[in-house]
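Asks: how would this look folded up:
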Amino acid sequence: MITAAQMRAARALAGIDQKTLAEMAGVSVPTIQRMEASEGVVRGVVDTLTKVIQAIENAGVELIGENETGGRGVRLKKTVARA
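Replies: Numbering: from 1, shown residues only. Here you go, the predicted model:
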């Protein structure tokens, strides 16, 4: 599950706009707008939600669930140093 606030925060952290997220996820801009305008947990077609979450993760942002550290959120993924 992802909330509208997490989506907006993830985009901001990744430095991408709605159009870029839509392109990365293979969905329409109005779909992203509708998802971000919802209250609380985003509802929609499971396939679409999966695509959006995958795009966010591919952008280097990790979604934090409700029970992991006391509340939902987002953070940048740790990068692995290459030798």
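
Asks: got the buried residues for the longest helix along the chain?
Replies: Taking DSSP state H as the criterion, the chain has its longest helix at helix 46-58. Under the neighbour-count criterion of 16 or more other Cβ atoms under 10 Å, helix 46-58 has Thr48, Leu49, Lys51, Val52, Ile53, Ala55, Ile56 buried. (Each C-beta comes from the backbone N, C-alpha and C, glycine too.)

Asks: one more: stretch 10-30?
Replies: Judged by neighbour count using 16+ other Cβ under 10 Å, the buried positions of stretch 10-30 are Ala10, Arg11, Leu13, Ala14, Ile16, Gln18, Thr20, Leu21, Ala22, Met24, Ala25, Val27.

Asks: which of these sits closest to Gln33?
Replies: The nearest member of the buried residues of stretch 10-30 to Gln33, counting by Cβ to Cβ, is Gln18 at 6.2 Å.

Asks: and the angle from the host helix or strand of Glu23 to helix 46-58?
Replies: Mapping Glu23 onto the secondary structure by DSSP states H and E places it in helix 18-25. For helix 18-25 against helix 46-58, the angle by axes from the mean of the first three to the mean of the last three Cα atoms, to 10 degrees is 110 degrees.
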